[in-house]
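Student: just coords:
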């Protein structure tokens, strides 16, 4: 059974820092991995989707990498801003044919 | 292009009642998936519909059911509500079948069971 872990559960940083968010998964036989952002009381916003054949994807200040063999993905946020404050979730799709989510990491960027 | 819409946004019910939630996908999207989000369990997959057919189902009791209409709109029904059903229910749409495709989420329906 696929399990997705995000550690730490929460992070508070000053504005301007470069951040690395971690995601690990137990079954390396995945089809793809997605990173989402969730603002309080809101739905999820897709940030990046990495196919299993890719090693990384970039969008603006965001860069996500994928290492299937070690069961890890990282989301890099450059020059963090208060508007980046949200909960970040990663999800993997594998043989179960359903997205399996981590419990998320709550990020607070202080001005 | 309008995003995924869910109605109602908030709902309060009592134990034993039943509830129906609605989801309208992005225009042109034929896949709709439903998820339950709770503080303890996080986000859990409920089911996926594509072209009016259920493609996949998560590990939830039979009290949770859904359907999809010919216009791709989907409804989710929960019968005999329990306190533990209190959660944020999210739906997501995708242009293709399979939750491996990029999912676009709606704002959710917050269900409170008293």
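Tutor: Cool, the structure landed. What you see is a predicted model; the values in this text were computed from it and never measured.

Student: what ranges in chain A fall below the confidence cut-off?
Tutor: Applying pLDDT under 70 to chain A picks out residues A:95.

Student: where does it come near chain B, residue by residue?
Tutor: By the rule CB under 8 Å from any CB of the partner chain, the part of chain A lying against chain B is A:31-32, A:34, A:36, A:41-46, A:49, A:89, A:91, A:93, A:97-104. (C-beta placed from N, C-alpha, C; glycine too.)

Student: quick one: buried ones out of those?
Tutor: For those, a neighbour count by 16 or more other CB atoms under 10 Å in any protein chain shown gives the buried set as A:31-32, A:34, A:36, A:42-44, A:46, A:49, A:89, A:91, A:93, A:98-104.

Student: in strands, which of the residues you listed fall?
Tutor: The members of those that map onto strands under DSSP state E are A:31-32, A:34, A:36, A:44, A:46, A:49, A:89, A:91, A:93, A:99-101.

Student: quick check, nearest of those residues to residue A:12?
Tutor: residue A:89 (17.9 Å; CB to CB).

Student: the closest one reaches residue A:6, doesn't it?
Tutor: Yes - contact criterion CB atoms under 8 Å: residue A:89 and residue A:6 qualify, at 7.3 Å.

Student: anything in contact with each of the two?
Tutor: A:102, A:103, A:104, A:105 (CB atoms under 8 Å, 6 or more residues apart in numbering or on different chains).

Student: with respect to residue A:12, which of the residues you listed is nearest?
Tutor: residue A:105 (11.2 Å).

Student: ok, the closest one - contacts?
Tutor: Per CB under 8 Å, 6+ apart, neighbours of residue A:105: A:6, A:7, A:8, A:9, A:10, A:11, A:21, A:87, A:88, A:89.

Student: most widely separated two among the ones in strands among the buried ones among the residues of chain A next to chain B?
Tutor: A:31 and A:44 (18.6 Å).

Student: quick check: mean pLDDT of the helix or strand containing residue B:88?
Tutor: Secondary structure assignment for residue B:88, by DSSP states H and E: strand B:87-94. Average pLDDT, strand B:87-94: 95.

Student: by contact count, what packs against the next helix or strand after it?
Tutor: Once the chain leaves strand B:87-94, the next helix or strand it forms, by DSSP H and E, is strand B:104-105. When contacts are defined as 3 or more CB pairs under 8 Å, 6 or more residues apart in numbering or on different chains; DSSP states H and E, strand B:104-105 packs onto strand A:44-51, strand B:87-94.

Student: what sits up against the first one?
Tutor: When contacts are defined by CB under 8 Å, 6+ apart, strand A:44-51 is touched by residues A:31-39, A:56-59, A:62, A:64-66, A:73, A:75, A:88-89, B:90, B:92, B:102-105.

Student: tell me the angle of that strand relative to strand B:87-94?
Tutor: Interaxial angle of strand A:44-51 relative to strand B:87-94 (axes from the mean of the first three to the mean of the last three CA atoms, to 10 degrees): 50 degrees.

Student: thinking again about what came up before, and which of the shared contacts of residue A:89 and residue A:6 is nearest to chain B?
Tutor: Ranked by distance to chain B (CB to the nearest CB), the shared contacts of residue A:89 and residue A:6 are led by residue A:103 at 4.1 Å.
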